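**Q** sequence unknown, structure follows:
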């Protein structure tokens with residue numbers, strides 16, 4: 001595993017609803033040689049967006065309730081994790097579950113299911129493939145052993 005390449009942060013919320021002035025959601029990859037590459041910019045945009053795998057689009061759109069959720073912008077929690085082969089997995093939440101919208105009294109909650117997609121970033125800070133479906137609600141689509149990661 002190449003421990004020398006890293007990210008400045010391993011979680012970002014992008015350009016989210018509760019973002020305060022001065023919050024910087026940027027994710028910057030630094031290679032072992034010191035080369036920097038922006039993965040998520042200051043406005044929450046995914047730089048070098050690899051697209052979304054067409055095989056997953058029907059099921060994603062069937063459960064999607066948020067307009068523009070598939071635009072390459074982070075608006076909710078996005079996590080990154082290192083894999084054994086040195087790649088980094090990016091798990092991008094495009095739709096939070098309905099509890100995200102509720103207030104302290106439970107008002108405003110919706111029946112939405114959480115939808116997250118994933119892709120991998122290689123040792124050079126580049127996406128290796130289009131985003132695929134990670135989960136919808138409690139149904140998980142990602143299987144680690146099928147991705148050498």
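**A** Thanks, I have it. What you are looking at is a predicted structure, and each value in this text was computed from that prediction instead of being measured.

**Q** next, the residue nearest to residue 127 when sequence neighbours are not counted: secondary structure please.
**A** What sits nearest to residue 127 in space, not counting adjacent residues and going by Cβ to Cβ, 6 or more residues apart in numbering, is residue 50, at 3.9 Å. Backbone N, C-alpha and C define where each C-beta goes, glycine included. Recorded secondary structure, residue 50: coil (DSSP: H, G, I helix; E, B strand; the rest coil).

**Q** for residue 7, give the beta-bridge partners.
**A** residue 29 (DSSP bridges).

**Q** got a list of what it touches?
**A** The contact partners of residue 7, taken as Cβ atoms under 8 Å, 6 or more residues apart in numbering, are 27-30, 39, 80, 88.

**Q** just the buried ones from those, in PyMOL syntax?
**A** Here is the PyMOL command that picks out the buried ones among the contacts of residue 7, judged by 16 or more other Cβ atoms under 10 Å:
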select buried, resi 27+28+29+39+80+88
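
**Q** you'd agree the residue nearest to residue 127 is up against residue 121?
**A** No: taking contacts as Cβ atoms under 8 Å, residue 50 lies outside contact range of residue 121: 9.7 Å.

**Q** spit out the residues that contact these two alike.
**A** Residues within reach of residue 50 and of residue 121 at once, by Cβ under 8 Å, 6+ apart, are 127-128.

**Q** more neighbours: which of the two?
**A** Neighbour tally, residue 50 and residue 121, criterion other Cβ atoms under 10 Å: the higher count belongs to residue 121, 24 against 16.

**Q** which residue is nearest the middle of the protein?
**A** With distances taken as Cα atoms, centre = their mean, the residue of the chain nearest its centroid is residue 92 (1.7 Å).

**Q** you'd agree that residue is up against residue 120?
**A** No: with contacts counted by Cβ under 8 Å, residue 92 stays clear of residue 120, the gap being 12.0 Å.

**Q** any idea how far the residue nearest to the centre of the chain is from residue 82?
**A** From residue 92 across to residue 82, the span is 17 Å (Cβ to Cβ, to the nearest Å).
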